[in-house]
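**Q** below is the sequence, then the predicted model.
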Amino acid sequence: MFLREIIKLNEKINAPDKYPFNVPAIKHFDNIALNKNVTFFVGENGSGKSTLLEAIAYQCGFNTAGGSRNNLYELVSSEAKLGDFIRLSWMPKINNGFFLRAESFYNFASHLDELAKEDRRVYHYYGGKSLHEQSHGESFISLFTHRFGQKGIYLLDEPEAALSPQRQLAFLNIIHELQKSAQIIIATHSPILLGYPNAEIYNFNVSPIELIKYEDTEHYQITRRFLENKNFYLKELLD
């Protein structure tokens, strides 16, 4: 493990009633301790999990539009509004890693294509060819298997967006191999990914943010109830 704690700098916040500081989960947290190599952030859209993950990426020096410290390209939506208001506690400090944003992955792939015009060896870390020449799921898996093999910290925002259930299962194995030498923080809605054993899960649907057991997450409970009582749920929803 490298990143041990995320600390919000409340004394620096001058407008606590403005976004993102007025988001309940963000407003009421002071610090989050990280005790495992794999940590999940869960919560509804707008709960603050992606906002905090982006702020961590900002403090790590990663491109907040997606990428590493070496990927310099512009994207209007990449502003990390929380980034200057948190402090990261390291032991030891590490600079290597990657920030994956599913929503801006297309822009990252285009950035690589621009770099490859000068040196096609850039594709070596992404499966040997342009990510645009692979399916969405294939390009994600290529990134995970070829680019994520080094010691570092990896921040993933909804990686399941491009992964079928079968590929999510395959990704669990990638997580397992990667966590042996790296730290991983994942914001996700996937009950499959959340099932990774011995990970910490932080629930952003409550304030302050708190740890939650896998079986107590809404993702697990709703999925299990639907699969066990599909006809009942469909009748309630559609009739």
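**A** Cool, the structure landed. Numbering: from 1, shown residues only.

**Q** next SSE after the lengthiest helix in the chain?
**A** In terms of residue count, the longest helix belonging to the chain (DSSP state H) is helix 165-178. Sequence-wise, the next helix or strand downstream of helix 165-178 (DSSP states H and E) is strand 183-187.

**Q** which strand or helix spans residue 87?
**A** strand 86-90.

**Q** residues in contact with whichever helix or strand comes after that strand?
**A** Later in the chain than strand 86-90, the nearest helix or strand by DSSP H and E is strand 97-101. With CB atoms under 8 Å, 6 or more residues apart in numbering as the test, strand 97-101 has contacts from 53-54, 57, 60, 62-68, 108, 143, 147-148, 152-157, 159, 182. For the C-beta atoms, the positions are set from N, CA and C on the backbone; glycine is no exception.

**Q** please flag which of the residues you listed sit within strands.
**A** Judged by DSSP state E, the contacts of strand 97-101 include 153, 154, 155, 156, 157 as members of strands.

**Q** out of those residues, the closest to residue 193 would be?
**A** residue 156 (9.1 Å; CB to CB).

**Q** so what's the closest one bridging to?
**A** Beta-bridge partners recorded for residue 156 (DSSP bridges): residue 100, residue 186.

**Q** and it, how far is that from residue 190?
**A** Here residue 156 is placed at a distance of 11 Å from residue 190 (CB to CB, to the nearest Å).

**Q** rewinding a little: buried set for the strand holding residue 87?
**A** Using 16 or more other CB atoms under 10 Å as the test for burial, strand 86-90 gives 86, 88.

**Q** now it: mean pLDDT?
**A** Mean pLDDT, strand 86-90: 96.

**Q** so what touches it?
**A** Residues outside strand 86-90 that contact it (CB under 8 Å, 6+ apart) are 2-9, 52, 55-56, 59-60.

**Q** many thanks, have a good one.
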